[in-house]
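K.L.:
okay, structure incoming, though there's no sequence with it:
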């Protein structure tokens, strides 16, 4: 018996919405449980995304140029990242970097198969809901100390993403989405914009705040309902700025190192201020929405706004020119580790210039294939000028250039090009424009931060990019269900899940002090080898311990920690010349590491092997072993 047309339409609607809801749920998991740059959440979140995309692969619509460029470049980037393990200075880090890239490819494919069929408006509404949940939780965690205890150490807003700049990125991408809601005469959009402004200001992210302003300006210029957007920007910006001003007067909200009692006391005050501000903004937005603006007045308002924006831009340019020397000097000569207080907003100091120079130096040494995906930490240890270690240069294109060479860099450009091409193809309607700006914000932010390390942002953004790039112009013809392609896709996904799980299982085995099992899970792990070697040394199996330590430095010959472990082994067994050579290699690859400690193992091994005492170690005791770190 054939179903009636209404029943068939309802079934088709459910068939479209169910995968999209699954994709939205995975995005929510990434946002709230991404765990920063840790491995464990990547295993189950990335694994679910990969398996879901494989199960739905037959829903993939006919792909045009943007989707082919995006998905093809992401797949090529994952393969090339894996190939760099052959010459990587840290194969273990490269393996984990490849795993992340595979997960992002899975999210993009999931967006193409699960979200591409629904309209831009539905996608934008879902994005607005997720953004509202994220900023709502972020502000609530600031009000209730029990929800995020680490604010007692550093007050910069970062829950639930664990990194303030990534939270600022979400706020920046949310600005055009909120303005899309507001332009439709919805006060909820203005309140969302208000919450985004409060949140991004409390992250103290300088580029994040600037990018939010650029995103708002781009929306106002490109959208047709400019007057409504200008009103929303004014209400949300003024309300959010006022609440931020109150927060600066509350040490429990914006002060570092405050006790729990102060944070709890100021938390409920801040909660009342946030709620009062939201109520005021909502009331003002409802009042503004009830006012009809004639066309002639709209033109005048747009002209005044345009002239005002031009004057502000000229003033900003003039100030930048006047203080360009000081700004450049602060940016290129930070002097010391920066503070994370609100004073951070008024300074141009940053260590990024030094990190970018280090990355460029490594690229010039290995231009074709780079040093291996995810290996910048070792580059930084060897070249750093201060005792601060970073794992990426805080510039994603430069990260691919230094770690994967020209090939990886070109593939990343293909990823960005496909995503932006697909996004801007959907800008004909207002919701599509908001989503296109959100994707553009993501790639703009990647120029100044290490976004590739965070599944909490890369996962949802690549899902959105895949959906926009693969969005068909017309409804695709239904395909016959075939078992073999789905089975093959699931098999590939499960292999990728195993690749994701192995390093995580190795870390768990190390936590149980089972180094041999950790090595079995991850034979590329230097930590597993050195821990196993230490166990063999304690058991008296010196030959096996020596071989394990040597295997560790063979895997990562530029790893200062591996050389230090080998040197400590030789020192313990009074092989002074070998100890000195190994410890000196450790110092070569990290001048701020353990081997650099005054009167440490290196100084003592040098004295015992060569009888030489450097001036810095002349006051060291002549006998005995220094205390362990």
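P.N.:
Thanks, I have the structure now. Since the structure is predicted, the reported quantities are computational estimates derived from the model, not experimental observations.
K.L.:
drop to CA atoms for contacts and neighbour counts, all remaining ones
P.N.:
Noted.
K.L.:
any idea of the mean pLDDT for stretch 348-357?
P.N.:
For stretch 348-357, mean pLDDT is 87.
K.L.:
in it, what's buried?
P.N.:
348-356 (16 or more other Cα atoms under 10 Å).
K.L.:
which residues sit against that stretch?
P.N.:
327-328, 330-334, 337-338, 380, 384, 393-395, 398, 448 (Cα atoms under 8 Å, 6 or more residues apart in numbering).
K.L.:
quick check: the two most widely separated of the residues you listed?
P.N.:
By the measure Cα to Cα, 327 and 380 form the most distant pair in the contacts of stretch 348-357, at 24.4 Å.
K.L.:
looking at these two, which is more packed in?
P.N.:
Residue environment comparison for residue 327 versus residue 380 gives the larger neighbour count to residue 380, 23 against 16, counting by other Cα atoms under 10 Å.
K.L.:
got a list of what that one touches?
P.N.:
Residue 380 is in contact with 355, 358, 389-391, counting by Cα under 8 Å, 6+ apart.
K.L.:
roughly how far does it sit from residue 365?
P.N.:
Plainly put, residue 380 is 14 Å away from residue 365 if you go by Cα to Cα, to the nearest Å.
K.L.:
ok, residue 115 next?
P.N.:
With Cα to Cα as the criterion, residue 115 and residue 365 are 43 Å apart.
K.L.:
higher neighbour count, those two?
P.N.:
Higher neighbour count among residue 115 and residue 365: residue 115, with 29 against 11, using other Cα under 10 Å.
K.L.:
that older thread, got JSON lines for the contacts of residue 380, with distance to residue 537 too?
P.N.:
Written out in JSON lines, the entries for those read as follows (distance: Cα to Cα, whole Å):
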{"residue": "355", "distance to residue 537": "38"}
{"residue": "358", "distance to residue 537": "37"}
{"residue": "389", "distance to residue 537": "30"}
{"residue": "390", "distance to residue 537": "32"}
{"residue": "391", "distance to residue 537": "31"}
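K.L.:
follow-up on the earlier one: and the contacts of stretch 348-357, which are buried?
P.N.:
The neighbour-count test (16+ other Cα under 10 Å) marks 327, 330-332, 334, 380, 384, 393-395, 398, 448 as buried among the contacts of stretch 348-357.
K.L.:
residue 499 contacts residue 99, doesn't it?
P.N.:
Yes. Contact criterion Cα atoms under 8 Å: residue 499 and residue 99 qualify, at 7.0 Å.
K.L.:
neighbour-wise, which of the two wins?
P.N.:
When residue 499 and residue 99 are compared for neighbours, residue 99 comes out ahead with 25 against 20, by other Cα under 10 Å.
K.L.:
and residue 300, how many neighbours?
P.N.:
Residue 300 is surrounded by 11 other residues when neighbours are defined as other Cα under 10 Å.
K.L.:
tell me the helices and strands packed up against the helix or strand that contains it.
P.N.:
For residue 300, the host element (DSSP states H and E) is helix 295-322. If contacts are counted by 3 or more Cα pairs under 8 Å, 6 or more residues apart in numbering; DSSP states H and E, helix 295-322 sits against helix 226-248.
K.L.:
which residues sit against the helix it packs on?
P.N.:
With contact meaning Cα under 8 Å, 6+ apart, helix 226-248 is reached by 179, 182-183, 185, 190-191, 193-198, 201-202, 216, 219-220, 253-254, 270, 273-274, 277-278, 281, 284-285, 288, 298, 301-302, 342.
K.L.:
wait, residue 200 touches residue 166, no?
P.N.:
No. Counting by Cα under 8 Å, residue 200 sits too far from residue 166 to count as a contact (10.0 Å).
K.L.:
still on that earlier bit, from the buried ones among the contacts of stretch 348-357, which land in strands?
P.N.:
Nothing among the buried ones among the contacts of stretch 348-357 maps onto strands, per DSSP state E.
K.L.:
domain ranges for this structure?
P.N.:
Domain assignment for the chain, taken from automatic domain parsing, gives 120-294, 525-617.
K.L.:
closest to residue 504 out of those?
P.N.:
domain 525-617 (11.1 Å).
K.L.:
how many other residues sit next to residue 539?
P.N.:
10.
K.L.:
now the phi/psi pair for it, please.
P.N.:
Backbone torsions for residue 539, taken as degrees, to the nearest 10, come to phi -80, psi 0.
K.L.:
measure it to residue 545 for me?
P.N.:
Using Cα to Cα, one obtains 9 Å as the distance from residue 539 to residue 545.
K.L.:
ok, residue 603 next?
P.N.:
If you measure residue 603 against residue 545 using Cα to Cα, the figure is 24 Å.
K.L.:
next: residue 30.
P.N.:
To residue 545, residue 30 is 41 Å away according to Cα to Cα.
K.L.:
do residue 56 as well
P.N.:
Going from residue 56 to residue 545 by Cα to Cα gives 49 Å.
K.L.:
more neighbours: those two, which one.
P.N.:
The residue with more neighbours, out of residue 56 and residue 545, is residue 545; 24 against 18, by other Cα under 10 Å.
K.L.:
element containing that one?
P.N.:
helix 542-555.
K.L.:
what are the buried residues along that helix?
P.N.:
Of the residues in helix 542-555, those with enough neighbours to count as buried (16+ other Cα under 10 Å) are 542, 545-546, 548-553, 555.
K.L.:
might you list the low-confidence residue ranges for the stretch 351-500 of the chain?
P.N.:
By pLDDT under 70, the weakly predicted segments of the stretch 351-500 of the chain are 472-482.
K.L.:
for it, which segments count as helices?
P.N.:
Taking DSSP state H, counting those that start in this stretch, the helices of the stretch 351-500 of the chain run over residues 352-365, 376-383, 396-424, 430-445, 455-470, 483-511.
K.L.:
which strands and helices lie in contact with the fourth one?
P.N.:
Contacting helix 430-445 under the criterion 3+ Cα pairs under 8 Å, 6+ apart are the following elements: helix 120-143, helix 164-183, helix 206-222, helix 396-424, helix 455-470.
K.L.:
relative to residue 102, how far out is residue 441?
P.N.:
22 Å.
K.L.:
just confirm residue 446 contacts residue 399, I think it does.
P.N.:
No. Under the contact definition of Cα under 8 Å, residue 446 does not touch residue 399, with a separation of 10.0 Å.
K.L.:
the two - which one has more neighbours?
P.N.:
residue 399 (29 against 18).
K.L.:
in this structure residue 449 contacts residue 396, no?
P.N.:
Yes. In terms of Cα under 8 Å, residue 449 counts as a neighbour of residue 396; the distance is 6.8 Å.
K.L.:
related to what we said a few turns ago, need the buried ones among the contacts of stretch 348-357 in CSV with distance to residue 579, can you?
P.N.:
Converted to CSV, these look like this (distance: Cα to Cα, whole Å):
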residue, distance to residue 579
327, 46
330, 42
331, 41
332, 38
334, 37
380, 24
384, 24
393, 33
394, 36
395, 38
398, 37
448, 41
